[in-house]
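Participant: Can you look at this prediction? I've put the sequence above it.
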Amino acid sequence: MRYWWVNQNQTYKFEVHGKFMWSPKTKANGHRNQFYDNMQEVQAGDIIFSFCDTRIRAVGVATGRAQSSPKPQFRTAGSNWSNEGWYVPVEFGELEHQIRPKDFIEQLLEHLPAKYSPLSTSGDGLQSVYLAAVPNALAERLIELIGPEYTRTLQELSSETPESEESDDAEESSIRGRTDIGATTKDQLVRARRGQGIFKANVKLNESKCRVTGISEIQHLRASHIKPWKDSNDEEKLNGCNGLLLSPHIDHLFDRGMISFTANGDLLVSSKLDRLVLQKWGVTEMANVGAFNDMQSEFLAYHRDSVFKK
C-alpha cells in the first residue's frame, strides 16, 4: 500500500463526489509531467489524501488501476486540458476535521520529499502538483493530525463495493470489433453499458441519489441510461445527463418502460404495470422527484416516446 496526495482545487466537487481522480497524460505542450505519470503507479488499496483550498478535506481508497479515459464533464474547470487522460476509481470520504497543513508545517517539514513534494516549505499548496507520492513518515504525521476520524472513514469506505467485471456479450463484442474507434473508447463504451467507468462518474456529477427512493449510498445504486445504450451514439453513451442513479428495483421498472418521468419530475406509471407492484415496493404513484435539467429532459423525452409503455 502506498500513500498519495491529490491537489483538487479545480475539480474537488467533481472528483470526490464522483469517486475518481482524472488527469491529462501530458502537459499542454506535450511534455511529460511526473504528477500525471504518478496516476499509472496507483494500485487498488492505496490511500489518497485530498487537498483543496488549503485543507485536507477528504481521504480515499483507490479501487482500481489507472485507465486511459476521456475527460470527465468538468464544466469550466480544466478547459485547456486534453480530452484524453488517466482515470483512477477512488472511494472518497469527506472529513469533518479538515486540517490545514500550513498550520503544522514545523511538524511536517522534515518529512517532505526533496523532489516532487506536494507542499512548499512554507506549507502552501503547489499549483503545479496534481498527484504526488507521500512518504510513509509524512503520511503517519498527517494521520495523527487528522485523528480518529481517519480510521473511521477508511472503515466506512471498506464496505463500498468495487465495480465488477462481467463477461462480454454479443453487443459488447460488436463494440470490441469496431475499427473506427480506439481501444480506450471501446473500453469506456463497454463500461458505460454496464453502468461503470467514466459514464458512472459523469452521472454522479448530476445525480447524488435515487430520485424515487432517496437512497444515496452508491453501492446500492445503478447508473442507468435514460436513452438506452443500444439506441445512443458514442457521445450519448458516455454523457452524464443521459443517466440516473436508481435503486435496483426502480432501475428494473425504468429500463422496461414501466415508469418514466416528466421534465418537472412527475412520476409516470405505465397502464401495463400492476399497481400492486408499486404498493409492495413502497412507491408512491403520484410522486414528484424534482425537476431535471434541460439536457436530462431531452433524454427523458426520448424515454417517454420510445421506451415508456403508455
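Facilitator: Received it, and whenever you're ready, just let me know what you need. Residues are numbered from 1 along each chain as shown.
Participant: ok, Val6 - contacts?
Facilitator: 15, 21, 48-51, 130-132 (CB atoms under 8 Å, 6 or more residues apart in numbering). Every C-beta, even on glycine, is put in place using the N, C-alpha and C of the backbone.
Participant: swap that for Thr26, please
Facilitator: Residues near Thr26 by CB under 8 Å, 6+ apart: 32-33, 36, 82.
Participant: Mind doing that once more with 7 Å?
Facilitator: Shown in contact with Thr26 (CB atoms under 7 Å, 6 or more residues apart in numbering): 32-33, 36.
Participant: give me the element Lys272 is part of.
Facilitator: Of the helices and strands defined by DSSP states H and E, none includes Lys272.
Participant: if I read this right, it contacts Lys310, doesn't it?
Facilitator: No - counting by CB atoms under 7 Å, Lys272 does not reach Lys310; the two are 8.5 Å apart.
Participant: now, which of the contacts of Thr26 lie within helices?
Facilitator: Tyr36 (DSSP state H).
Participant: could you flag which of the contacts of Thr26 are buried?
Facilitator: Listed as buried from the contacts of Thr26 are 33, 36; burial here means 16 or more other CB atoms under 10 Å.
Participant: With respect to Ile146, which of the contacts of Thr26 is nearest?
Facilitator: Tyr36 (26.5 Å; CB to CB).
Participant: before we move on, back to that, now tabulate the contacts of Thr26 in a markdown table and tack on distance to Gly243.
Facilitator: Below are those laid out as a markdown table (distance: CB to CB, whole Å):
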| residue | distance to Gly243 |
| --- | --- |
| Arg32 | 34 |
| Asn33 | 31 |
| Tyr36 | 28 |
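Participant: Which residue ranges of this protein form helices?
Facilitator: Counting by DSSP H, the helices of the chain are 12-18, 34-37, 105-108, 136-146, 148-157, 170-176, 183-193, 197-204, 234-238, 248-255, 275-280, 294-306.
Participant: can you list the weak-confidence ranges in this protein?
Facilitator: Residue ranges of the chain with pLDDT under 70: 159-168, 184.
Participant: Perfect, that will be all.
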